[in-house]
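1. Below is the structure, and that's it, no one-letter string:
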């Protein structure tokens with residue numbers, strides 16, 4: 001039964017019988033027959049029949065949900081037994097929202113120090129993709145917003161508070177506004193902007209701030225890469241709204257200013273999230289313990305404060 005569930009999950013992931021069979025290292029007839037046997041055992045149709053894969057039946061979607069849970073719990077059992085015998089082992093899979101990528105090294109450093117033998121993979125995802133990845137056991141943990149859009153069926157550990165800055169060419173703003181050391185969201189709304197794409201929660205936060213000032217912004221450019229925001233501003237194409245942590249790893253430029261955004265002054269908590277199961281997944285639990293002992297909030301706050309020093313010099 002486990003093997004059939006694995007085949008079913010591969011089909012859901014690949015959406016193609018041939019690619020699913022290849023990913024499972026079996027022939028296509030073997031995979032197709034296994035799914036037919038599963039349908040016979042459960043006495044429900046699982047796959048919509050056609051010349052090619054056309055999706056799952058309503059019953060199939062229910063079976064798929066249970067398959068994810070069962071296979072995920074099996075993997076957790078294996079990790080738990082290995083942890084008892086050998087200590088924490090395995091492959092840590094972490095999803096991170098783009099704005100949190102500069103903070104990922106602060107989170108992983110104490111973990112890799114404690115567990116240098118564990119391989120880690122970090123992928124940049126939207127918060128909605130992160131929720132799906134945790135639900136479907138594709139991620140062990142994630143670094144995402146905790147207090148803006150609700151997360152379901154997770155345990156959380158707050159890491160730091162995200163605040164927002166306008167990144168713009170000096171010529172985009174008057175000397176008087178630059179001298180004030182901050183800029184309003186309403187002022188920012190009047191600039192030609194490059195923002196993250198609408199599927200990113202950081203973009204939805206910015207859109208909310210603009211609406212609070214009575215403005216609706218249609219950006220001139222969009223990207224799903226936080227680093228691209230900086231390169232676009234530096235090229236002189238647009239201004240942008242960026243989280244403070246971006247300033248910790250991009251170099252100041254004499255023609256660019258970074259100013260805190262006010263009226264309203266918004267902030268959101270970013271933290272670690274992992275599946276709410278008992279016992280908790282061993283790798284996720286180990287990452288949470290290491291992160292909680294590392295005082296990430298202080299590290300991030302110090303990093304941003306230090307990064308702002310050359311940016312303030314550039315303002316002058």
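-> Noted; the coordinates are in hand. Predicted, not measured: the structure shown is a model, and the values here were computed from it.
2. can you give me the strands in the stretch 51-200 of the chain?
-> Using DSSP state E, counting those that start in this stretch, the strands found in the stretch 51-200 of the chain span residues 91-96, 119-124, 141-145, 154-169, 183-184, 193-196.
3. Please identify which of these is closest to residue 34.
-> Among the strands of the stretch 51-200 of the chain, the nearest to residue 34 by C-beta to C-beta is strand 91-96 (25.7 Å). Every residue, glycine included, has its C-beta placed from N, CA and C.
4. Paired strands for that closest one, with orientation please.
-> Note on strand 91-96: by DSSP bridges, its sheet partners are strand 119-124 (parallel), strand 141-145 (parallel).
5. Identify, out of these, the most deeply packed stretch.
-> Among those, strand 141-145 has the highest mean neighbour count (mean count of other C-beta atoms under 10 Å), at a mean of 28.
6. which outside residues touch that strand?
-> 92-97, 100, 103-104, 107, 125, 127, 130, 133-134, 151, 159, 162, 201, 268-274, 283-284, 287-288 (C-beta atoms under 8 Å, 6 or more residues apart in numbering).
7. Mind giving me the PyMOL select for these, buried ones only?
-> Entered in PyMOL, the line below selects the buried ones among the contacts of strand 141-145, by 16 or more other C-beta atoms under 10 Å:
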select buried, resi 92+93+94+95+96+97+100+103+107+125+127+130+133+134+151+159+162+201+268+270+271+272+273+274+283+284+287+288
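8. Give me the below-cutoff pLDDT ranges for the stretch 51-200 of the chain.
-> Where the stretch 51-200 of the chain drops to pLDDT under 70, the residues are 51, 73-88.
9. Can I get the strands paired with strand 91-96 in JSON lines including distance to residue 228?
-> Shown next, in JSON lines, are those (distance: least, C-beta to C-beta, whole Å):
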{"stretch": "strand 119-124", "distance to residue 228": "12"}
{"stretch": "strand 141-145", "distance to residue 228": "20"}
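10. Quick check: can you list the domain ranges of the chain?
-> Following automatic domain parsing, one finds the domains of the chain at 2-83, 88-160+268-305, 162-267+308-315.
11. and the second one, how far out from the chain's middle?
-> Relative to its parent chain, domain 88-160+268-305 has a centroid offset of 9 Å by C-alpha atoms, centre = their mean, to the nearest Å.
12. cool, and the shortest one?
-> Distance of domain 2-83 from its chain centroid, counting by C-alpha atoms, centre = their mean, is 26 Å.
13. from the contacts of strand 141-145, which ones fall inside helices?
-> Filtering the contacts of strand 141-145 for membership in helices, criterion DSSP state H, returns 104, 107, 127, 130, 133, 134, 201, 283, 284, 287, 288.
14. Which pair of those residues spans the longest distance?
-> Greatest spacing in the ones in helices among the contacts of strand 141-145, by C-beta to C-beta: 201 and 283 (24.7 Å).
15. Could you report the neighbour count for residue 277?
-> By the measure other C-beta atoms under 10 Å, the count of residues near residue 277 is 15.
16. now swap in the one 4 residues further on and tell me
-> Using other C-beta under 10 Å, residue 281 has 24 other residues around it.
17. That one and residue 140 touch, don't they?
-> Yes: using C-beta atoms under 8 Å, residue 281 is in contact with residue 140, at 5.9 Å.
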